[in-house]
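In: Got a sequence here, can you build the structure:
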Amino acid sequence: MELGFGSYGFGFLAGLLSTLSPCVLPLVPVLLGSATSMHPRAPLALAGGLAISYATIGTLLAWAGTALSIDTGVFRLLGATTLALLGVVLLSGSLQQRFATATSGLSAAGSSLISLAQPDGLWGQFAIGLMLGVVWSPCVGPTLGAAVVLASQGSHLPQAALLMGVFGIGAALPVVALAYVSRGAMVKMRGNLMRAGKTGKIAMGVIMVAVAGLMLSGTDKAMEAWLVDHSPAWLTALTTRF
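Out: Prediction:
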């Protein structure tokens with residue numbers, strides 16, 4: 001399956017909603033306050049490490065899924081089913097909490113690594129960002145998992161890596177944006193951002209369940225062919241280059 005513009009847009013939105021999660025967003029001001037005290041550009045290093053961490057974790061998971069050499073039809077069925085289940089999780093706050101609890105061991109291991117890290121300077125904050133990708137993965141598991149499932153449907157590994165890179169950029173963007181607003185504005189914005197994240201997760205959950213239904217019925221193939229036929233040549237070339 002060739003990943004088109006819509007797939008990358010979905011990956012970006014999933015990354016954005018990951019950072020707007022209730023278990024992540026409240027921690028961002030604290031991390032940014034600490035980072036800024038180290039170096040004026042430390043938040044950028046922190047966000048860069050976070051983006052690379054998510055992109056690496058997601059690419060490895062997507063590669064592992066395709067490396068199993070499962071029959072294409074079976075792999076597609078498993079991917080659609082997983083996407084539907086993750087969509088249902090996003091529609092329920094309690095299910096998201098249970099998901100985070102079930103995968104808390106990974107988060108605890110990442111927290112231990114962060115406690116040993118030396119946060120001084122840009123490289124220290126970059127390392128903290130790398131570790132945050134591990135620490136926050138259980139909490140953002142549904143959105144990260146959705147991006148991984150979509151990436152694993154790509155025909156080539158570079159496509160999966162690009163989509164997960166876009167996911168990482170989406171996750172890092174709110175960190176960068178919040179780093180350069182005043183503390184007072186950050187506190188005022190946090191409530192609105194959390195509500196937007198909650199609404200966005202519900203919308204994404206609905207989309208994921210719908211996409212899973214299209215994949216299971218085969219309708220997505222017909223839609224993909226129609227979009228390719230009616231898209232400008234430059235857009236088709238851009239979104240299928242890798």
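In: Do I have it right that Gln153 meets Gly79?
Out: Yes - counting by Cβ atoms under 8 Å, Gln153 touches Gly79, with 5.7 Å between them. Yep, even glycine has a C-beta here, placed from its N, CA and C like the rest.
In: If you count surrounding residues, which of those two has more?
Out: Just comparing Gln153 and Gly79: by other Cβ atoms under 10 Å the higher neighbour count belongs to Gln153, 24 against 21.
In: Any figure for the gap between that one and Thr36?
Out: Plainly put, Gln153 is 40 Å away from Thr36 if you go by Cβ to Cβ, to the nearest Å.
In: And Leu130, by the same measure?
Out: Applying Cβ to Cβ, the value for Leu130 to Thr36 is 19 Å.
In: So which of the two has more stuff around it?
Out: Leu130 (22 against 16).
In: What is the neighbour count of Val88?
Out: 15.
In: next one: Gly191
Out: Neighbour number of Gly191 under other Cβ under 10 Å is 10.
In: In three-state terms, label it for me.
Out: helix (DSSP: H, G, I helix; E, B strand; the rest coil).
In: Look up how far Arg41 lies from it.
Out: On the measure of Cβ to Cβ, Gly191 and Arg41 end up 28 Å apart.
In: tell me the mean pLDDT over stretch 206-226?
Out: Average pLDDT, stretch 206-226: 70.
In: Helices of this structure, start to end?
Out: Assigned by DSSP state H, the helices in the chain fall at 5-19, 28-38, 42-67, 72-90, 93-102, 104-116, 121-136, 141-152, 157-179, 183-217, 219-230, 233-239.
In: which of those is buried the deepest?
Out: Most buried of the helices of the chain by mean neighbour count (mean count of other Cβ atoms under 10 Å) is helix 141-152; its value is a mean of 27.
In: Mind exporting the C-alpha coordinates of that helix to CSV?
Out: The C-alpha trace of helix 141-152 is given here as CSV (Å, rounded to 0.1, in the frame of the first residue of the first chain):
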residue,chain,number,x,y,z
GLY,A,141,0.0,4.3,23.2
PRO,A,142,-3.4,4.5,21.4
THR,A,143,-2.3,7.4,19.1
LEU,A,144,1.2,6.1,18.7
GLY,A,145,-0.1,2.7,18.0
ALA,A,146,-2.5,4.0,15.4
ALA,A,147,0.4,5.7,13.6
VAL,A,148,2.5,2.6,13.8
VAL,A,149,-0.3,0.4,12.3
LEU,A,150,-0.8,2.9,9.5
ALA,A,151,3.0,3.1,8.9
SER,A,152,3.3,-0.7,8.8
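In: and the angle for it with helix 72-90?
Out: 160 degrees (axes from the mean of the first three to the mean of the last three Cα atoms, to 10 degrees).
In: average model confidence for helix 141-152?
Out: 80.
In: that older thread, least reliable of the helices of the chain going by mean pLDDT?
Out: When the helices of the chain are compared by mean pLDDT, helix 233-239 comes last with a mean of 50.
In: Pro29 contacts Val175, doesn't it?
Out: No - contact criterion Cβ under 8 Å: Pro29 and Val175 do not qualify, at 10.3 Å.
In: So for Met189, what's the nearest residue that isn't a sequence neighbour?
Out: Nearest residue to Met189, sequence neighbours excluded (Cβ to Cβ, 6 or more residues apart in numbering): Val181, at 7.1 Å.
In: what about the one you found, how many neighbours?
Out: 14.
In: do you know how far Pro158 is from Gly11?
Out: 14 Å.
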